[in-house]
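Novice: Pasted the sequence and its predicted model underneath.
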Amino acid sequence: MSLKEKGPIHTLAPVGATVVVSALLLRRWWRSRKEPPSFQMGIPVLGPIIQFLKDPMELMRLGYKKMGGIFKVNFLAMDMVYLVGSEGQEWFFTSDKYLDQANMYKFTVPIFGPKVLYDVDYSTRTCQLRFIRERLTDSYIRSYTSTLEEEVVQFFDECWGDSGTVCIRESMQELLTRTSIRCLMGHELRIAMTSKKPEDRSIVEMLHILEKGMLPMSVFWPNAPIQRHRERDQARREIHEMIKPILDQRRKKADKTEKDFMQSVLNSTYPDGRPITDEEIVGFLIAAFFGGMHNSAITTSWSTLELFSRPELVQELLEEQRAALGSDDAPFTFDAYEKMKKLRAAVSEVLRMHAPLFLLMRTVEQDVEFKGYTIRRGSVVACSPNVSQMMDDVYPKAETFDPKRFIDGIKDEFSFISFGGGRRVCKGQEFGYLQVQCAISHMLRHYDIDCIDGVPSPTIAQDGMVIAPTQPSRVSYKRKSSVKK
Ligand code: HEM
């Protein structure tokens, strides 16, 4: 059959198909050309995944060295776009319109409970978080300070005594569990920690079961039918049953002046007058506990190790303590805390070098441009305080521990992201500093401390969510003869 006999459709079809395929290929090339550059290492495709599982921060460091402040890694079904440095971080924390946090935190819904935080829409969540933040501002936490100090003093008397050796990570976990339960969840639960019937499970055991239900797989499949999730759900129901009668009793009491977060929440309504439900209160208490306890315990551990391995700094901080408090056995007060500028700067420097939350992530809700690149909907964007805060161009001589960097406070909000940033910044930041400083203040004034294992290297904790000192991280201590017991 000649061309003439085939007719126009036979000649046009292949040409048309070639044009369409070429256009599609061109479009794909054009689109991919504008996406952040792809970081490859080791075995094709699997190389970056293996590195991520081994050390996610090293993957980021290597990627930054080779590609610069923005690059992507393909994790089979998903692209992860990494942003390193202040500019990318500022964009990350101010692009709530395109970037969603809730998807990454869905695993908390069975823990915090329904209708709370990551189970509700954006505006309800913002309203709930604002409510939590207000109850953790200076005017409120000022009133929690005496409660906090009482717990700290009791802990050191009961658990440390006159002399001994402890693993600082474990010891501070115990201390911060006590202070967090007492100051956030109330004295009733704190008392029940020790005065329960042997057959009853304590709040600490229950919170621990909730925590064990937070596995890396829970991030992708929060309700996977596994034993740890079933135990988590049972413990969550029991915690609600445990707290509900306490809320009822406190509502009936004429005296509404308990100095803790639970009472501050109970005494309030939402700004539009709507009351807060029991479900919400229990969720807020658990969220505040988990938001604060680990991060503050890890920061107190690092602070002990970094400060007490520097005798000159200890001496300087002790002089500041004496100036702020008057004497070594005076009670720790909020007014004195506000005067401890050097201690605060030292804790900030600890947080710069050892942020507990090492990977902050958001999902991309719609295609969005940044620095001339298109970041596709469905990707995950991530940044890490532990990577960018250790870069010499952001913090000169970043490997050197130098509290003077922060003596006038934190200047650039988006260079220091240990507490996150923007609207989603940590709501318990000030209470976090208060807890850490109260514990360190007590140690400075009451004990001579020796860091037997020096300052250990950081390690990712078993649950994969936080980074902490590698154990052993032992310290030995001796009570000073100059202070009263
Ligand atoms: C040294 C101690 C602490 C550190 C390093 C820390 C760190 C952080 C970080 C990095 C975020 C942001 C996460 C993200 O952007 O994805 C965050 C959020 C949050 N933190 Fe903290 N935190 C600390 C203490 C606390 C305490 C004591 C509380 C409560 C009592 C708390 C409650 C919260 C809450 C409620 C959020 C969610 C904020 C939002 O989404 O708007 N944190 N924290």
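Specialist: Right, received. Where do you want to start?

Novice: from here on, contacts and neighbour counts on C-alpha atoms
Specialist: Fine.

Novice: any idea which residue sits dead centre in the chain?
Specialist: Centroid check for the chain by CA atoms, centre = their mean gives Leu357 as the closest residue, at 4.4 Å.

Novice: my read: it touches Ile417, true?
Specialist: No. Proximity of Leu357 to Ile417 does not meet the contact threshold set by CA atoms under 8 Å, at 9.7 Å.

Novice: Overlap in contacts, the two.
Specialist: Common neighbours of Leu357 and Ile417 (criterion: CA atoms under 8 Å, 6 or more residues apart in numbering): Pro385.

Novice: Please name the nearest non-neighbouring residue to Gly409.
Specialist: Ala345 (6.9 Å; CA to CA, 6 or more residues apart in numbering).

Novice: Could you measure from the one you found over to Ser264?
Specialist: Distance of Ala345 to Ser264, given as CA to CA, to the nearest Å: 29 Å.

Novice: next one: Ser476
Specialist: Taking CA to CA, one finds Ser476 at 38 Å from Ser264.

Novice: Over to Arg474?
Specialist: 37 Å.

Novice: need the residues of the stretch 151-300 of the chain near the ligand, please.
Specialist: Counting by CA under 6 Å from any ligand atom, the residues of the stretch 151-300 of the chain close to the ligand are 288, 291-292, 295-296, 299.

Novice: Which residue ranges of the stretch 101-250 of the chain form helices?
Specialist: Here the stretch 101-250 of the chain has its helices, by DSSP state H, counting those that start in this stretch, at 109-112, 122-134, 138-155, 168-180, 187-192, 203-212, 216-220, 227-252.

Novice: what's the spacing between the longest one and its chain's center?
Specialist: Spelled out, that is helix 227-252. 24 Å (CA atoms, centre = their mean, to the nearest Å).

Novice: just for this protein, where's the confidence low?
Specialist: Along the chain, segments meeting pLDDT under 70 span 1-13, 23-33, 462-464, 485.

Novice: Save the helices of the stretch 101-250 of the chain as TSV, and put in mean neighbour count too.
Specialist: Listed next are the helices of the stretch 101-250 of the chain as TSV, based on neighbours: other CA atoms under 10 Å:
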stretch	mean neighbour count
helix 109-112	23
helix 122-134	16
helix 138-155	19
helix 168-180	22
helix 187-192	16
helix 203-212	18
helix 216-220	14
helix 227-252	16
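
Novice: nearest to Ile276, of the ones you listed?
Specialist: Among the helices of the stretch 101-250 of the chain, helix 122-134 comes nearest to Ile276, with 9.6 Å by CA to CA.

Novice: what angle do that closest one and helix 138-155 make?
Specialist: 60 degrees (axes from the mean of the first three to the mean of the last three CA atoms, to 10 degrees).

Novice: Run through who's touching helix 122-134.
Specialist: Taking CA under 8 Å, 6+ apart as the rule, helix 122-134 contacts 116-118, 140, 265, 270, 284, 427-428.

Novice: and those, which of them are in strands?
Specialist: Among these, the subset assigned to strands under DSSP state E is empty.

Novice: how about the residues you listed, which pair is most distant?
Specialist: Taking CA to CA, the two most distant members of the contacts of helix 122-134 are Tyr118 and Tyr140; they sit 24.8 Å apart.

Novice: ok, and for stretch 51-64, which residues are buried?
Specialist: Residues of stretch 51-64 classed as buried: 51-52, 56-57, 59-61, 63-64 (neighbour count, 16 or more other CA atoms under 10 Å).

Novice: cool, stretch 403-422 as well?
Specialist: So for stretch 403-422, counting by 16+ other CA under 10 Å, buried means 403, 405-407, 414-422.

Novice: And stretch 195-203, by the same measure?
Specialist: 202-203.

Novice: Could you do stretch 323-342 as well?
Specialist: Across stretch 323-342, burial judged by 16+ other CA under 10 Å covers 324-325, 328, 331-334, 336-337, 340-342.

Novice: Show me what stretch 162-169 is in contact with.
Specialist: Here stretch 162-169 makes contact (CA under 8 Å, 6+ apart) with 297-298, 301, 304, 468-469, 471-479.

Novice: Show me which residues of the stretch 351-485 of the chain are close to the ligand?
Specialist: Contact residues, the stretch 351-485 of the chain versus the ligand (CA under 6 Å from any ligand atom): 355-357, 360, 418-420, 424-429, 431-432.

Novice: Please check the contacts of helix 122-134 and keep the buried ones.
Specialist: In the contacts of helix 122-134, the ones that pass as buried (16+ other CA under 10 Å) are 116-118, 140, 265, 284, 427-428.

Novice: mind saving the C-alpha coords of the helix or strand Gly432 falls within as CSV?
Specialist: Gly432 belongs to helix 429-446 when assigned by DSSP states H and E. Extracted in CSV, the C-alpha atoms of helix 429-446 (Å, rounded to 0.1, in the frame of the first residue of the first chain):
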residue,chain,number,x,y,z
GLN,A,429,10.5,27.1,76.0
GLU,A,430,10.6,29.3,79.1
PHE,A,431,9.4,26.6,81.4
GLY,A,432,12.1,24.4,79.8
TYR,A,433,14.8,26.9,80.7
LEU,A,434,13.3,27.3,84.2
GLN,A,435,13.4,23.6,84.9
VAL,A,436,17.0,23.1,83.6
GLN,A,437,18.3,26.2,85.4
CYS,A,438,16.6,25.2,88.7
ALA,A,439,18.3,21.8,88.6
ILE,A,440,21.7,23.2,87.6
SER,A,441,21.5,26.0,90.1
HIS,A,442,21.0,23.4,92.9
MET,A,443,23.9,21.3,91.7
LEU,A,444,26.2,24.4,91.4
ARG,A,445,25.5,25.5,94.9
HIS,A,446,25.3,22.1,96.7
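
Novice: helices or strands up against that helix?
Specialist: On a contact count with 3 or more CA pairs under 8 Å, 6 or more residues apart in numbering; DSSP states H and E, helix 429-446 meets helix 138-155, helix 278-308, helix 311-325, helix 334-339, helix 341-353.

Novice: Could you dump the ones you listed into TSV with distance to Ala17 added?
Specialist: Output for the helices and strands packed on helix 429-446, formatted as TSV (distance: least, CA to CA, whole Å):
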stretch	distance to Ala17
helix 138-155	68
helix 278-308	57
helix 311-325	74
helix 334-339	73
helix 341-353	57
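
Novice: Can you report phi and psi for Ser38?
Specialist: With angles defined as degrees, to the nearest 10, Ser38 sits at phi -90, psi 130.

Novice: from here on, count from 210
Specialist: Okay, using 210 as the starting number, the last item reads as Ser247.

Novice: Pretty sure it sits against Phe284.
Specialist: No. Counting by CA under 8 Å, Phe284 is not a contact partner of Ser247; they are 11.2 Å apart.

Novice: So for these two, which sits in the more crowded spot?
Specialist: Between Ser247 and Phe284, counting by other CA atoms under 10 Å, Ser247 is the more crowded of the two (16 against 13).

Novice: could I have stretch 249-263 exported to PDB, CA atoms only?
Specialist: Output of stretch 249-263 as PDB, limited to C-alpha atoms (Å, rounded to 0.1, in the frame of the first residue of the first chain):
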ATOM      1  CA  GLN A 249      23.200  10.600  45.400                       C
ATOM      2  CA  MET A 250      25.800   8.600  47.300                       C
ATOM      3  CA  GLY A 251      27.000   5.000  47.500                       C
ATOM      4  CA  ILE A 252      24.800   2.300  45.900                       C
ATOM      5  CA  PRO A 253      22.300   3.900  43.400                       C
ATOM      6  CA  VAL A 254      18.900   4.600  45.000                       C
ATOM      7  CA  LEU A 255      19.700   2.700  48.200                       C
ATOM      8  CA  GLY A 256      22.900   4.600  49.200                       C
ATOM      9  CA  PRO A 257      21.100   7.600  50.800                       C
ATOM     10  CA  ILE A 258      18.500   5.400  52.500                       C
ATOM     11  CA  ILE A 259      21.300   3.200  54.100                       C
ATOM     12  CA  GLN A 260      23.000   6.400  55.300                       C
ATOM     13  CA  PHE A 261      19.700   7.800  56.700                       C
ATOM     14  CA  LEU A 262      19.100   4.700  58.700                       C
ATOM     15  CA  LYS A 263      22.700   4.700  59.900                       C
END
